[in-house]
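K.L.:
Please work out how this folds:
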Amino acid sequence: MKTRAGAIGALLLLLAAPVSAAPARDAHLATLSTRLFPHLRALPTSPARQRRLDACVGRAPCLVEAAIWRDDERESVARRMPSEADAIRREIDGLNEVLRVYGVGKLPRYPLVDGPDEAFGSAALAAKVADAVMLADAQRDDPAVAGDYGLSLALALLDANDKDAAAAFEPLDERFNAAAMTKARETDWGRFRYLAIVALGVGPDDLATPLSARGKVNVRLAAERFAQGLAPFIIVSGSAVHPRGTRHVEALEMQRALIDRFGVPPAAIVVEPYARHTTTNLRNATRRLHALGAPLAQDVLVVSNVGHIDAIVSPAFVIRNQAELGYQPGTIAGRPSPNEAVFRPLAASLRIDPGDPLDP
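P.N.:
Okay, here's the model as predicted:
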């Protein structure tokens, strides 16, 4: 029979024993992974890819090259998941783009505002790549990036460069648009000429200015059209883009101006803080309308400066959409004034494109 002292000692030993626990889960990394690569998160590393990676242990540039998916590897996965084949291809191509731009030095689609801040071939860029490999190794057991090593490394490269804009505002509608979402459930869309007025962001020329003069004009135009009762909502669209390195998010600055300067009710404003280019201004506005439950068969009024609207209504914009997005986010249905374009959104805009990792 155990003595009382012996029983207490056994209990203390039990309490002191290490407790088995699940690996730490990085919620921010999980959000970024879900936004960019939802179909790749549980994809295991194939034996051939693992052998390639094993041959590069300890050499960061080699690991990046080894993590890049080959065409035959991508097609092999796509064939195994035929119903998701197109999405798989887009995500793998997008993952490869991250590896090449942030890990090798390939120019991004928009080099003036995207890509690493260090110069190609510099010691600083090499140090960032080495840091990313260290991050990828540290998060190897994180369930947020379980699967192929290339996924973990691509996310680590974005993390090491502080290029996490794709997850910066999530959950978007709960954090920024909750009042508008509630209002939308009670909105009779058919009572209005337009589903929404989209105010496009226009970045300033310096890092200190929150909202450019052109941005202020767009805010006024949107407030005036809203006061005329043309639409139940104003969508403010634009991220922290111009100039490079700015911390001022165009959509948030426009939202603030609409409320503080024009008294627009917060519930009538929908924040779209991801768009970095005019193509994605319209695409992302369509996504927010879909989230509101708006009928996409109705028109939207887009307001901006004359030169901006000139570009939107031009045939070149159709070509640009096809080249950059691979589809048309909608159709231009008219130009009521020099500062306005009528836009009919299309559901193709709901497709996620990680080829632009800061705004998929």
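
K.L.:
so Val77 touches Pro44, yeah?
P.N.:
No. Val77 is beyond contact range of Pro44, at 10.3 Å (criterion: Cβ atoms under 8 Å). (C-beta placed from N, C-alpha, C; glycine too.)

K.L.:
Quick one: the helices in the stretch 101-250 of the chain, in order.
P.N.:
Along the stretch 101-250 of the chain, the stretches classed as helices by DSSP state H, counting those that start in this stretch are 123-138, 149-160, 172-176, 178-184, 213-227, 250-262.

K.L.:
all helices of the stretch 251-360 of the chain, in order?
P.N.:
For the stretch 251-360 of the chain, the helices defined by DSSP H, counting those that start in this stretch cover 278-292, 306-313, 315-324.

K.L.:
So for Val270, which of those sits nearest?
P.N.:
The closest of these to Val270 is helix 278-292. By Cβ to Cβ, the value is 5.2 Å.

K.L.:
I'd like the distance from the closest one to the chain centre, please.
P.N.:
Offset of helix 278-292 from its chain centre (Cα atoms, centre = their mean, to the nearest Å): 12 Å.

K.L.:
which strands and helices sit next to it?
P.N.:
helix 178-184, strand 197-200, strand 234-237, strand 269-272, strand 300-303, helix 306-313, helix 315-324, strand 340-345 (3 or more Cβ pairs under 8 Å, 6 or more residues apart in numbering; DSSP states H and E).

K.L.:
Can you list the neighbours in contact with the first one?
P.N.:
Taking Cβ atoms under 8 Å, 6 or more residues apart in numbering as the criterion, the residues outside helix 178-184 that touch it are 173, 232-233, 266-270, 291-294.

K.L.:
before we move on, what about the third one?
P.N.:
Defining contact as Cβ under 8 Å, 6+ apart, one finds that strand 234-237 is touched by 196-201, 222-223, 226, 250-252, 254-255, 258, 264, 268-272, 275, 281, 284-285, 288-289, 300.

K.L.:
okay, the contacts of helix 178-184 in CSV with neighbour count and pLDDT next?
P.N.:
Listed next are the contacts of helix 178-184 as CSV, based on neighbours: other Cβ atoms under 10 Å; pLDDT from 0 to 100:
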residue, neighbour count, pLDDT
Asp173, 16, 97
Pro232, 23, 98
Phe233, 27, 99
Pro266, 15, 98
Ala267, 16, 98
Ala268, 18, 98
Ile269, 24, 99
Val270, 29, 99
Ala291, 17, 98
Leu292, 22, 98
Gly293, 11, 98
Ala294, 21, 98
